[in-house]
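>>> Next one to model:
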Amino acid sequence: MDNRGQGALEYLLLIGGAVLIATIVLLIIIGSTGQTNTIISDNLNTFKNQVVINGA
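This next block holds a predicted model:
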């Protein structure tokens, strides 16, 4: 039996879990500063403006 594929998949799942946890921690840290709504709304407005400008 070849277990290299299983090992690679487990490694990728561990990396994915670490990224997910890091993202959650980062969001909690940003949220605790009280600037989350400003950052999100600025990014959303920028995205909307780009969509309108590009005609999509």
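
>>> Please, where are all the helices along this structure?
Ranges of helices within the chain are 4-33, 36-54, based on DSSP state H.

>>> Could I get these in CSV, plus columns for mean pLDDT?
Compiled in CSV, the helices of the chain are given as follows (pLDDT from 0 to 100):
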stretch, mean pLDDT
helix 4-33, 86
helix 36-54, 72
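
>>> would you list those in CSV and tack on mean neighbour count?
Every residue, glycine included, has its C-beta placed from N, CA and C. Written out in CSV, the entries for these read as follows (neighbours: other Cβ atoms under 10 Å):
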stretch, mean neighbour count
helix 4-33, 10
helix 36-54, 10
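
>>> quick one: contacts for residue 19?
By Cβ atoms under 8 Å, 6 or more residues apart in numbering, residue 19 lies in contact with nothing.

>>> Report the separation between it and residue 7.
Between residue 19 and residue 7 the computed distance is 19 Å (Cβ to Cβ, to the nearest Å).

>>> Could you do residue 40 as well?
Going from residue 40 to residue 7 by Cβ to Cβ gives 39 Å.

>>> any idea how far the residue nearest the centre of the chain lies from residue 32?
In the chain, the C-alpha nearest the mean C-alpha coordinate belongs to residue 23, at 5.9 Å (Cα atoms, centre = their mean). If you measure residue 23 against residue 32 using Cβ to Cβ, the figure is 15 Å.
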